[in-house]
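> Below are the sequence and a predicted model; questions follow.
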Amino acid sequence: MIHVAEKYPEAEIRVVQDNLNTHIDGSFYERFEPEEVRKLCKKFEFHCTPKKASWLRMAEIGFSALSKQSLDRRIGDIEALGSEIKAWTEDRNGKRVKVRWRFTTERCKREAEEASSQC
């Protein structure tokens, strides 16, 4: 992060990340001196993906659906597996299946304000 801050000294940098427990500004204190942490917190603006609908969670939901809907039996060889996955993917995409986001804009703003007050 220091290298990025040094390379772009005039930029306001936004970091989008998942909600891994190590992805908090407090973890900077484990690596850097407090003065450096304060500089980094001023330089970087952190945004977290919603805990219950992050990109990782969306992938997990998709794999779970694939497993239950198409891979719930023995498949004899790799070619058949590829065909099953392709057919399932085309069907799902054709139906335009989406993950319903339940993370509201208001909640996002509230949590962002809480997170920024920690710096």
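Done, it's in.

> residue closest to the middle of this structure?
D18 (3.4 Å; C-alpha atoms, centre = their mean).

> what about the closest residue to F28 other than its chain neighbours, distance to S117?
The shortest distance from F28 to any non-neighbouring residue, by C-beta to C-beta, 6 or more residues apart in numbering, is to V37 (4.4 Å). C-beta: built from backbone N, CA, C; applies to glycine. The span separating V37 from S117 equals 15 Å under the rule C-beta to C-beta, to the nearest Å.

> Where does the residue nearest to F28 sit: helix, strand or coil?
helix (DSSP: H, G, I helix; E, B strand; the rest coil).

> pretty sure it contacts Y29?
Yes. V37 is within contact range of Y29, at 5.7 Å (criterion: C-beta atoms under 8 Å).

> More neighbours: these two, which one.
The neighbour count for V37 versus Y29, taken as other C-beta atoms under 10 Å, is higher for V37 (18 against 12).

> Okay, that one and Q118: tell me how far apart.
V37 is 11 Å from Q118, by C-beta to C-beta.

> From E84, how far out is the residue in the chain sticking out farthest from the centre?
Computed with C-alpha atoms, centre = their mean, the residue of the chain farthest from its C-alpha average is G76, at 34.5 Å. Plainly put, G76 is 11 Å away from E84 if you go by C-beta to C-beta.

> Then H47?
H47 sits 37 Å away from E84, going by C-beta to C-beta.

> More neighbours: which of the two?
Between H47 and E84, counted using other C-beta under 10 Å, E84 has the larger neighbour count: 16 against 12.

> Once you drop chain neighbours, what's closest to that one?
Closest to E84 by C-beta to C-beta, 6+ apart is S70, at 5.2 Å.

> For the one you found, report the pLDDT, please.
Looking at S70, its pLDDT is 90.

> I'd say it and T89 touch.
No. Between S70 and T89 there is no contact under C-beta under 8 Å: 9.2 Å.
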